[in-house]
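Visitor: turn this into a model:
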Amino acid sequence: MLTSDLKEKYHPLKIEVIDSNVSMHFLKTKMQYFEDSLKISRDHMLFVIISWRYIENGLIMHLTNLDDERSSQSFHSARKDLERINSDPTKLKKLKTKIKVFRQEIRFLKNDHRNIRIAHINHRKIEDIPEMYDFIELSKLNSLVKMANEIGDMLWGQEIKALFKMGSIYTEGYLDFRTGQRIYVKSD
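Guide: Residues are numbered from 1 along each chain as shown. Take a look at the predicted model:
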């Protein structure tokens, strides 16, 4: 959907989508290994919980950046630019609906987490520290990342890849942060 000029303008949006996938992957991975940290030491468990919190905070920021009203990271801003250049009205209507649903679904993250726990923390009381254990349900975050992927893919006109080369592409492959799977390239 986006023209090459608009893809350049909204490259930061693409990066936010990719970073959302990377953060989601590591949040899931951290949660999978949480039980192991209980066996090591309380210090290590605290380390895991704190890193878990900061990965989640990063994911919240990436997702809420996509919902900004005006920025080069914003789904809304990209859609408005597409409307100005008279893109396909059927696709625009579908895009507008998806963005509207995304905004509704992400509202709790903006109001209950970003604004309270991340963006305005200098207004918090010291007693709020136990909040550090109050994590968001993983399925809710995963659902938001999937929505962001759908909208990003729609804007880009193709799937936004989130791959990391693990080493030799023949033996270790790529890690696909969208699926959590390894992708191997066959040698000839």
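
Visitor: make it CA atoms for all contacts and neighbour counts henceforth
Guide: Noted.

Visitor: spatially central residue for this structure, please.
Guide: By Cα atoms, centre = their mean, the mean C-alpha position of the chain lies nearest to S20, the distance being 2.0 Å.

Visitor: so V22 touches L175, yeah?
Guide: No - the pair V22 / L175 is not scored as a contact, 10.1 Å apart, by Cα atoms under 8 Å.

Visitor: neighbour-wise, which of those two wins?
Guide: Taking other Cα atoms under 10 Å, V22 and L175 do not tie; V22 has more neighbours (20 against 17).

Visitor: how about the contacts made by the more buried one?
Guide: Shown in contact with V22 (Cα atoms under 8 Å, 6 or more residues apart in numbering): 162, 177-178.

Visitor: any idea which helix or strand carries it?
Guide: V22 is part of helix 11-32, with elements assigned from DSSP states H and E.

Visitor: what's the first helix or strand after that helix?
Guide: Once the chain leaves helix 11-32, the next helix or strand it forms, by DSSP H and E, is helix 34-40.

Visitor: next helix or strand past that next one?
Guide: Following helix 34-40 in sequence, per DSSP H and E, is helix 42-65.

Visitor: flag the shaky bits of the chain, pLDDT-wise.
Guide: Counting by pLDDT under 70, the ranges of the chain that qualify are 37, 114-116, 120-134, 168-170, 185-188.

Visitor: list the contacts of S23.
Guide: Residues in contact with S23 (Cα under 8 Å, 6+ apart) are 55-56, 58-59.

Visitor: oops, could you answer that again for K110 instead?
Guide: Listed by Cα under 8 Å, 6+ apart, the contact partners of K110 are 60, 64.

Visitor: doesn't it belong to a strand?
Guide: No - using DSSP: H, G, I helix; E, B strand; the rest coil, the secondary structure at K110 is helix, not a strand.

Visitor: SS state for I136?
Guide: Counting by three-state DSSP, the backbone at I136 sits in coil.

Visitor: of the contacts of S23, which is the most crowded?
Guide: Using other Cα under 10 Å as the neighbour criterion, L59 leads those with 23 neighbours.

Visitor: quick check, that residue in contact with E16.
Guide: No - with contact defined as Cα under 8 Å, L59 does not reach E16; the gap is 9.3 Å.

Visitor: L2: helix or strand, and which one exactly?
Guide: With DSSP H and E as criterion, L2 is part of no helix or strand.

Visitor: ends of stretch 164-174, how far apart?
Guide: Across stretch 164-174, the terminal residues are separated by 5 Å (Cα to Cα, to the nearest Å).
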